[in-house]
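1. my questions concern the predicted model and sequence given below.
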Amino acid sequence: MIIVVTGAGGPTGAAVSAYFRNGGHTVIEVGRKDCDLLDRAAVNELAARVEREHGRVDGVVHLVGGWRGAPSFAETSLDDWNDLHDLLIRTLQHVSLAFEPLLRRSANGRFVIVSARAAQAPEAGGAAYAAAKAAAEAWTLSLADALRETGGAAVIIVVKALVNAAMRAAKPEAKFAGFTDVDDLAAAIGGLYDRPAEEINGTRLDLTS
């Protein structure tokens, strides 16, 4: 399979990329130095280049993220909203619009975002973050509707937060209760290919329980 991982520069991207690469698949890692995901023309060219070089795309795992919070609802900064809009929504829009035609042509295409419980249960100081995540989920569900009856699926994976080996090493006493390990996240994404598209398309896979 040909798998595109956007936001691949961090530990989560490394884990997802390694999972697919170890499975014998071709992984195209896209980090900040590779493509400005806020530049729609650049993202369109990325999709075109992938098609030229590989002929198809079987998966897009969109991992661009970020978090902003405030001490209280009244202290929420709309500058934080602007930042989160770009990180969590605008990049998703550009990537999904560019790659949707390729995913439609795949026999088993998957588009995945990672969301948070905050989108469904916002806290006062997390208004900007929760609203951005909720918007990203709605956008992904619209993509799911576009992929219906194509063999492809768009899926939202829900976590409380993510943890990796470096975080555990830095705080060996911490329990990271409710956190999802990035390797477990990667395996959950890989497992989406073992399930029929019609079963998972437009669903929220909750890894918090």
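-> Here it is on my side, so go on.
2. give me the phi and psi for Gly178.
-> The phi and psi values for Gly178, taken as degrees, to the nearest 10, are phi 80, psi -10.
3. near it, how many other residues are there?
-> When counting by other C-beta atoms under 10 Å, one arrives at 13 neighbours for Gly178. For every residue, glycine as well, the C-beta is placed using N, CA and C.
4. identify the residues contacting the strand or helix carrying Val61?
-> Per DSSP states H and E: Val61 is located in strand 59-62. Residues outside strand 59-62 that contact it (C-beta atoms under 8 Å, 6 or more residues apart in numbering) are 1-7, 16, 20, 91-92, 95-96, 99, 103, 109-113, 189, 193.
5. weed out the non-buried ones from these.
-> By neighbour count, with 16 or more other C-beta atoms under 10 Å, the contacts of strand 59-62 hold 1-7, 16, 20, 91-92, 95-96, 99, 103, 109-113, 189, 193 as buried.
6. where does Ile111 fall, secondary structure wise?
-> Just to correct that, residue 111 is Phe rather than Ile. Per DSSP H and E: strand 110-116 holds Phe111.
7. please name every helix or strand in contact with that strand.
-> strand 59-62, helix 91-105, helix 127-147, strand 153-159, helix 182-191 (3 or more C-beta pairs under 8 Å, 6 or more residues apart in numbering; DSSP states H and E).
8. who's in contact with Arg56?
-> Neighbouring residues of Arg56 by C-beta under 8 Å, 6+ apart: 2, 102, 105-106.
9. ditto for Arg52
-> When contacts are counted by C-beta under 8 Å, 6+ apart, Arg52 touches no other residue.
10. could you do Gly125 as well?
-> For Gly125, the contact set (C-beta under 8 Å, 6+ apart) comprises 69-73, 75-76.
11. do you know how far the residue nearest the centre of the chain is from Ala136?
-> Closest residue to the average C-alpha location of the chain: Ile113 at 2.7 Å, with C-alpha atoms, centre = their mean. Distance, Ile113 to Ala136, by C-beta to C-beta, to the nearest Å: 6 Å.
12. joint contacts of the two?
-> Leu92.
13. in CSV: the helices and strands packed on strand 110-116, plus distance to Ala165 and mean pLDDT.
-> Below are those laid out as CSV (distance: least, C-beta to C-beta, whole Å; pLDDT from 0 to 100):
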stretch, distance to Ala165, mean pLDDT
strand 59-62, 20, 98
helix 91-105, 26, 97
helix 127-147, 25, 96
strand 153-159, 17, 97
helix 182-191, 8, 95
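14. ranking those by burial, who's on top?
-> strand 59-62 (a mean of 26; mean count of other C-beta atoms under 10 Å).
15. give me every residue that touches Leu84.
-> Taking C-beta under 8 Å, 6+ apart as the test, what Leu84 contacts is 66, 68, 128-129, 132.
16. mind redoing it with 10 Å?
-> Each residue near Leu84 by C-beta atoms under 10 Å, 6 or more residues apart in numbering is listed here: 65-68, 90, 128-133, 135-136.
17. got it, and Phe179?
-> Counted by C-beta under 10 Å, 6+ apart, Phe179 has contacts 159-164, 167-168, 207-208.
18. ok, 8 Å please
-> Phe179 is in contact with 159-163, counting by C-beta under 8 Å, 6+ apart.
19. mark which of those residues are buried, thanks.
-> Judged by 16+ other C-beta under 10 Å, buried ones among those: 159-160, 162-163.
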